[in-house]
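**Student:** Got a predicted structure plus its sequence, pasted below:
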Amino acid sequence: MNSSDFRLVRLTPTTTSGSFSGGGGSFYDANGTLQTAPPNTLRLTYDPADLSKAPSALIEPAAPQLLRYTEDLDNTNAWFGSMRTVSPNAGIAPSGLLAAERVAATVDLGFHYLDQEVIAPAVPYANGEKYTFSVFARAETISRIRMDFYYAIGGTGGFVAAFNLAAGTVDGTAEYIAARGAKIQALPGGWFRCSIVGTVEKGIEYPSKLLCRVVLLDATGNGSYSGVGAPGVFLWGWNLTPGDKLSSYIASGATPLTRAADVVGAGAGLVYSNVPISEPLWVAGTYAKGAKVRDAANLVYESLADGNTAVLTEKLKWLRLGATNRWKVFDKAVNSQTTAPGLLAFSVKPGVVAGTLMLLNMEGASVTVSQSESGYVKTQSLVRHEVDNWYDFYYEEPIRAGDAVFTDIPPYPSATLTVAIDNGPGEAKIGACLVGKPLVIGKVTASFSAGVLSYSTSNADTFGNIEMVKRYNAPRMNFDVMIPAGREDEAYRVLRQFTDTEIGVIVGDAYAMGIGYGFLGQWDVPKSGNGRTARIEFKGLV
């Protein structure tokens, strides 16, 4: 859309909680630590390679972990723990592993490696099937590892990649890396995730097993080392999953596990929020004066009397305070804000085609919007330091507040949108989250005006002393919009359709004063051949 477009946004309200099932997989928290989410909880994960980025929702299909004993942090099975503590010549004999699944896990010809086979399923592997093998490693005295991916059949069809952990690179030419699908991802604390993709390419025979091997190399890459004790490369986990997509880490023990699919329900609504609900749901009983409860519509009420046994509709006993903290962002009052310490994050499913997101009355350093299906991620800064001179540059503090619009979101009705407002050590706040579909009816001329409608009052006593009672104010705007020739009837229809209806307005991309949520005031659409413009009035909500 052009920066001078006059856009009306048909809003899709968020009024109910959406459903979510599955989950229970791993994700990275704000410190880059791998965590496991509770079941039926949407995962918000950080990028471990850049923790300064805001988190995004992690929605994955079901994925089986094809390996057993994928980690051994407590050394109970002497699997990866042996890599750290056992003399190389002592070998590794993990308890609980089937002999058929452990070809070798010992020192062989100077190589220290771990092998594990995957028993073939009942249906033979088909040509073109892909599998992704990845390990989590950290280098010390030995700086490189090699990963092999073999078929256990008459011959071997191997996929080999060497990873230079010290430099964080993959050895080989660009063509070799692309053909093998070798990737390395830097993680916090000096860890790396090294991954390769293998494809079944047997013309007649199919493998009965898949063999994954990790070989520890020294700095020169010759695979030998001297001395006893820890070989210098630490491994704490590995994954083998079908397909060529990198799956989130799946830990397994004696039995391989399958991570459940992340499924957002068919209905629209709020899918996730990191803002807790502190008010208990009202039930019939006795309440003390000052007690706060909420109803099914997420509205908060305060008891006005001791021994209160009345229902919430009795106004003499209950005072309605407004929406809960979690739901203030979705009420109709822009000035009431949802707040959270540091980071405020929530995910919504619009359920309809909606390519525009309006976020109003925010306080924070930045806001990031991500979409689950398309991979769309965009961040906007909320820090403003608009000054006219050097004195103000040094002495006026930057402002962490404002509005933001995202007008280029891919229009996927089944996708989930995640909003993350980061305010560092401060309180993150937002007044309104509005999702909708934009309609362009014309171009804004070079001039438009914006002001406020104040609801504050002032009282003067007999001596002329003024007492100001400060209340909220609402924005108001006046636009001159050039309607293209031949589009007058359509502009008239759209404006009439949205008169007396809550709607969003976006005028240009360069001015925050041209963003609003409210309703149309007086307007008229001229039919003239001399280039006259439509006069449109907009009144915002508080």
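**Tutor:** Perfect, I can see it now. Residues are numbered from 1 along each chain as shown.
**Student:** So which bits of whatever helix or strand Phe519 lives in are buried?
**Tutor:** Following DSSP states H and E, one finds Phe519 within strand 515-524. If you call a residue buried by 16 or more other C-beta atoms under 10 Å, then strand 515-524 has these buried ones: Ile515, Gly516, Tyr517, Gly518, Phe519, Leu520, Trp523. (Glycine included, C-beta is placed from N, CA and C.)
**Student:** from the chain's centre, how far out does stretch 318-338 sit?
**Tutor:** Here the centre of stretch 318-338 is set off from its chain's centre by 24 Å, with C-alpha atoms, centre = their mean, to the nearest Å.
**Student:** With distance to Thr379 and pLDDT as new columns, can the buried residues of strand 515-524 be given to me in TSV?
**Tutor:** Shown next, in TSV, are the buried residues of strand 515-524 (distance: C-beta to C-beta, whole Å; pLDDT from 0 to 100):
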residue	distance to Thr379	pLDDT
Ile515	18	89
Gly516	23	90
Tyr517	22	93
Gly518	27	92
Phe519	31	93
Leu520	32	93
Trp523	36	92
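**Student:** circling back to that earlier point, just name whatever secondary elements the strand holding Phe519 is in contact with.
**Tutor:** strand 356-363, strand 473-482, strand 503-507, strand 534-540 (3 or more C-beta pairs under 8 Å, 6 or more residues apart in numbering; DSSP states H and E).
**Student:** Keeping just the C-alphas, turn the lengthiest strand in the chain into PDB.
**Tutor:** Selection of the longest strand in the chain by residue count, based on DSSP state E, yields strand 432-454. What follows is strand 432-454, C-alpha atoms only, in PDB (Å, rounded to 0.1, in the frame of the first residue of the first chain):
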ATOM      1  CA  ALA A 432      -5.400  -2.000  22.300                       C
ATOM      2  CA  CYS A 433      -4.700  -4.800  19.800                       C
ATOM      3  CA  LEU A 434      -6.800  -4.500  16.700                       C
ATOM      4  CA  VAL A 435      -6.700  -7.000  13.900                       C
ATOM      5  CA  GLY A 436      -8.600  -6.400  10.600                       C
ATOM      6  CA  LYS A 437      -8.700  -6.100   6.900                       C
ATOM      7  CA  PRO A 438      -7.900  -2.800   5.300                       C
ATOM      8  CA  LEU A 439      -9.900  -0.900   2.700                       C
ATOM      9  CA  VAL A 440      -8.400   1.900   0.700                       C
ATOM     10  CA  ILE A 441     -10.900   4.400  -0.600                       C
ATOM     11  CA  GLY A 442      -8.500   7.200  -1.800                       C
ATOM     12  CA  LYS A 443      -5.400   9.200  -1.200                       C
ATOM     13  CA  VAL A 444      -4.800  11.700   1.600                       C
ATOM     14  CA  THR A 445      -3.900  15.200   0.400                       C
ATOM     15  CA  ALA A 446      -0.800  16.900   1.600                       C
ATOM     16  CA  SER A 447      -2.600  18.300   4.700                       C
ATOM     17  CA  PHE A 448      -4.800  16.900   7.400                       C
ATOM     18  CA  SER A 449      -5.400  17.900  11.000                       C
ATOM     19  CA  ALA A 450      -5.400  15.900  14.300                       C
ATOM     20  CA  GLY A 451      -6.300  17.000  17.800                       C
ATOM     21  CA  VAL A 452      -8.000  15.700  20.900                       C
ATOM     22  CA  LEU A 453     -11.500  15.800  22.500                       C
ATOM     23  CA  SER A 454     -10.900  16.200  26.200                       C
END
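**Student:** Show me which residues of that strand are buried.
**Tutor:** For strand 432-454, using 16+ other C-beta under 10 Å, the buried residues are 432-444, 448, 450.
**Student:** How about stretch 356-372?
**Tutor:** 356-364, 366-372.
**Student:** quick one: low-confidence parts of the stretch 351-500 of the chain?
**Tutor:** 446 (pLDDT under 70).
**Student:** hang on, the earlier thing: of the buried residues of stretch 356-372, which is the nearest to Gln337?
**Tutor:** Asn361 (6.3 Å; C-beta to C-beta).
**Student:** what number of residues lie near the residue nearest to Leu344 when sequence neighbours are not counted?
**Tutor:** Distances taken as C-beta to C-beta, 6 or more residues apart in numbering put Ala428 closest to Leu344, at 3.9 Å, once the chain neighbours are dropped. For Ala428, the count of nearby residues is 28 (other C-beta atoms under 10 Å).
**Student:** any idea how far Ala428 is from Tyr376?
**Tutor:** 22 Å (C-beta to C-beta, to the nearest Å).
**Student:** again with Lys328
**Tutor:** Lys328 is 26 Å from Tyr376, by C-beta to C-beta.
**Student:** before we move on, what about Ala365?
**Tutor:** 21 Å.
**Student:** Comparing Lys328 and Tyr376, which residue is more hemmed in?
**Tutor:** Taking other C-beta under 10 Å, Lys328 and Tyr376 do not tie; Lys328 has more neighbours (22 against 17).
**Student:** So the more buried one sits against Thr338, correct?
**Tutor:** Yes - judged on C-beta atoms under 8 Å, Lys328 makes contact with Thr338 at a distance of 4.5 Å.
**Student:** List phi and psi for the nearest residue to Leu67 once chain neighbours are set aside.
**Tutor:** In this structure, Leu67 finds its nearest non-sequential neighbour in Leu240, 4.9 Å apart by C-beta to C-beta, 6+ apart. As for Leu240, its main-chain torsions (degrees, to the nearest 10) stand at phi -140, psi 110.
**Student:** Near Leu240, how many other residues are there?
**Tutor:** Neighbours of Leu240 using other C-beta under 10 Å come to 23.
**Student:** what's the answer for Val160, then?
**Tutor:** 17.
**Student:** secondary structure class for the nearest residue in space to it that is not next to it in sequence?
**Tutor:** Once flanking residues are discounted, Val160 sits nearest to Asp148: 5.2 Å by C-beta to C-beta, 6+ apart. Classification of Asp148 using DSSP: H, G, I helix; E, B strand; the rest coil returns strand.
**Student:** is it true that Asp148 touches Cys212?
**Tutor:** Yes - because the distance of 7.4 Å satisfies C-beta under 8 Å, Asp148 is recorded as touching Cys212.
**Student:** And the two? Which one has more around it.
**Tutor:** Cys212 (26 against 19).
**Student:** Can you tell me the element that one falls in?
**Tutor:** strand 209-217.
**Student:** what pLDDT, on average, does that strand get?
**Tutor:** For strand 209-217, the mean per-residue pLDDT is 66.
**Student:** Let me know the angle separating the longest helix anywhere in the chain from strand 503-507.
**Tutor:** What stands out as the longest helix in the chain, according to DSSP state H, is helix 488-497. Going by axes from the mean of the first three to the mean of the last three C-alpha atoms, to 10 degrees, helix 488-497 is angled at 130 degrees with respect to strand 503-507.
**Student:** buried ones in helix 488-497?
**Tutor:** Buried, per 16+ other C-beta under 10 Å, within helix 488-497: Glu488, Ala491, Tyr492, Val494, Leu495.
**Student:** Next, the residue lying closest to the first one once chain neighbours are set aside: secondary structure please.
**Tutor:** Okay, so that is Glu488. Nearest-residue entry for Glu488: Lys527, 5.1 Å, with adjacent residues in sequence omitted and distances by C-beta to C-beta, 6+ apart. What three-state DSSP gives for Lys527 is coil.
**Student:** my guess is Lys527 meets Gly486, correct?
**Tutor:** No - using C-beta under 8 Å, Lys527 makes no contact with Gly486, being 10.3 Å away.
**Student:** more neighbours, the two?
**Tutor:** Neighbour count, other C-beta under 10 Å: between Lys527 and Gly486, Lys527 has more, with 10 against 7.
**Student:** Quick check, central residue of this structure?
**Tutor:** Ser56 (1.4 Å; C-alpha atoms, centre = their mean).
**Student:** What sits closest to that one if chain neighbours are left out?
**Tutor:** Using C-beta to C-beta, 6+ apart, the closest residue to Ser56 is Ser370 (3.7 Å).
**Student:** How far off centre is the host helix or strand of that neighbour?
**Tutor:** Per DSSP H and E, Ser370 falls inside strand 366-371. Mean-position distance between strand 366-371 and its chain equals 7 Å (C-alpha atoms, centre = their mean).
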